[in-house]
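*Asks:* Need the 3D shape of this:
(one chain, ligands or ions: 1)
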Amino acid sequence: MNKNQEQVVICKKCNHSPMVSRLENDSYVYKAERLKLTNLPVFICPKCNNKFYPKIYKLKRIKQIKDQVSKLTNFQKVLTSEDLLKIRTTLGMTPEQIDPLITAKFGDYAKWESGKEKIPAAYNLILKLIKKELDSGKNINIIDFLKGERFWWKG
Ligand SMILES: [Zn+2]
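*Replies:* Residues are numbered from 1 along each chain as shown. The predicted model follows:
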């Protein structure tokens, strides 16, 4: 393996050789989840800063994404109607109370909880964060959780 990493790579932009190998981190958004990708090998040209992504870069990237996606737990998946009902009742709110705090259009929340419409990824993420707080036993107030600000509040 190490032998292959020592290969001499010539810059396609300025013909300088060798390009320097470096490990980089990246991220990938799968549904509402940001996956962290690490130690991806790239080549940098010390002369012109041109970057070259070898085949192994792509392969490692795909492998890390696949591995992480296969390990996603319930927390990372899209919330179900039951999840939403549980979040809302734990907060002690009616659909009419929770709606203006987390949606952009009044009535959206009820559609998500009833399963009539799929929760958009950004809202799913916020609700998942709220669920995480509640699941860890925190007695949160949704206003406190959102740091006193009403997201997308239309006043
Ligand atoms: Zn170059």
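
*Asks:* Can you give me the domain assignment for this protein?
*Replies:* The record's domain split for the chain, according to automatic domain parsing, is 2-71, 75-145.

*Asks:* who wins for proximity to the ion among these?
*Replies:* domain 2-71 (3.1 Å; Cβ to the ion). For glycine as for every other residue, the C-beta is placed from the backbone atoms N, C-alpha and C.

*Asks:* and the closest one, how far out from the chain's middle?
*Replies:* Taking the mean of its C-alpha atoms, domain 2-71 sits 20 Å from the chain's own mean (Cα atoms, centre = their mean, to the nearest Å).

*Asks:* Of the domains of the chain, which stretch is the most buried?
*Replies:* domain 75-145 (a mean of 16; mean count of other Cβ atoms under 10 Å).

*Asks:* got CSV for the domains of the chain, with distance to the ion too?
*Replies:* Converted to CSV, those look like this (distance: least, Cβ to the ion, whole Å):
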stretch, distance to the ion
domain 2-71, 3
domain 75-145, 39
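
*Asks:* Redo those as TSV? Include mean pLDDT.
*Replies:* Listed next are those as TSV, based on pLDDT from 0 to 100:
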stretch	mean pLDDT
domain 2-71	90
domain 75-145	87
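
*Asks:* Can you show me the strands along this protein?
*Replies:* Taking DSSP state E as the test, the strands found in the chain are 20-30, 33-44, 51-52.

*Asks:* what angle sits between the first one and strand 33-44?
*Replies:* To tie it back to what came earlier, the one meant is strand 20-30. 160 degrees (axes from the mean of the first three to the mean of the last three Cα atoms, to 10 degrees).

*Asks:* Counting by contacts, list what strand 20-30 packs against.
*Replies:* strand 33-44, helix 55-70 (3 or more Cβ pairs under 8 Å, 6 or more residues apart in numbering; DSSP states H and E).

*Asks:* Mind giving me the packing neighbours of the longest one?
*Replies:* Of the remaining helices and strands, those touching helix 55-70 by 3+ Cβ pairs under 8 Å, 6+ apart are strand 20-30, strand 33-44.
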